[in-house]
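1. Give me coordinates for this.
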Amino acid sequence: MRRRTRAGGKSAKPQRRQTLTVPKAARPHPALAATPDALRLVLETALDAVVVMKSDGVVADWNDRAAGVFGWSRDEAVGRTMADLIIPERYRGAHRHGLQRYLETGIGSVLGTRIEVAGLRKNGEEFPVELSIHRFETARAFCS
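-> This is a model prediction of the structure:
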């Protein structure tokens with residue numbers, strides 16, 4: 001690699017500059033970010049199944065892709081305990097214990113990671129699920 005030289009003949013390190021510009025059309029409108037419909041918009045445009053669970057383990061939201069993957073409609077899922085819907089029975093105790101530990105300590109070993117677990121469809125079929133868990137808070141509720 002050739003080094004660039006300054007006017008005085010001294011070498012200068014090549015500079016790399018990377019700039020990321022988000023097009024104005026892709027930026028969220030401030031009014032949209034402040035509305036309860038913002039989460040719904042994200043859920044409905046997601047390519048993956050998205051399940052929103054409140055801190056008490058109850059499903060707060062469920063997108064159409066989750067309905068296709070798990071077999072429960074949004075109306076059937078929202079308001080029910082997530083563990084009873086999509087976690088095989090033999091893993092529900094561990095799920096509840098992990099959730100309780102997280103709520104008590106704030107430590108969640110699976111938060112922000114991607115893991116493969118067994119999921120459960122409405123018809124009782126188990127299948128591999130790639131899972132990512134993230135915490136977020138809204139003005140009305142804490143969800144994880």
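2. Go through the chain and flag its longest helix.
-> helix 89-105 (DSSP state H).
3. nearest residue to N123 other than its sequence neighbours?
-> Excluding the flanking residues, the one nearest N123 by C-beta to C-beta, 6 or more residues apart in numbering is G71, at 6.0 Å. Every C-beta, even on glycine, is put in place using the N, C-alpha and C of the backbone.
4. Quick one: mean pLDDT for the longest helix of the chain?
-> The average pLDDT for helix 89-105 rounds to 92.
5. just the strands in the protein please.
-> All strands of the chain, identified by DSSP state E, fall at 4-5, 11-12, 51-53, 59-62, 114-120, 126-132, 136-137, 142-143.
6. how about these in CSV, adding distance to R80?
-> Formatted as CSV, the strands of the chain follow (distance: least, C-beta to C-beta, whole Å):
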stretch, distance to R80
strand 4-5, 64
strand 11-12, 64
strand 51-53, 11
strand 59-62, 6
strand 114-120, 13
strand 126-132, 18
strand 136-137, 21
strand 142-143, 15
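7. D37 is nearest to which of the ones you listed?
-> strand 59-62 (11.7 Å; C-beta to C-beta).
8. Packing partners of that closest one?
-> Strand 59-62 sits against helix 37-45, strand 51-53, helix 74-77, with contacts defined as 3 or more C-beta pairs under 8 Å, 6 or more residues apart in numbering; DSSP states H and E.
9. Could you check how far P128 is from G119?
-> As judged by C-beta to C-beta, to the nearest Å, P128 and G119 stand 7 Å apart.
10. now D56
-> For D56, the distance to G119 - C-beta to C-beta - is 21 Å.
11. between those two, who's got more neighbours?
-> Neighbour count, other C-beta atoms under 10 Å: between D56 and G119, G119 has more, with 20 against 12.
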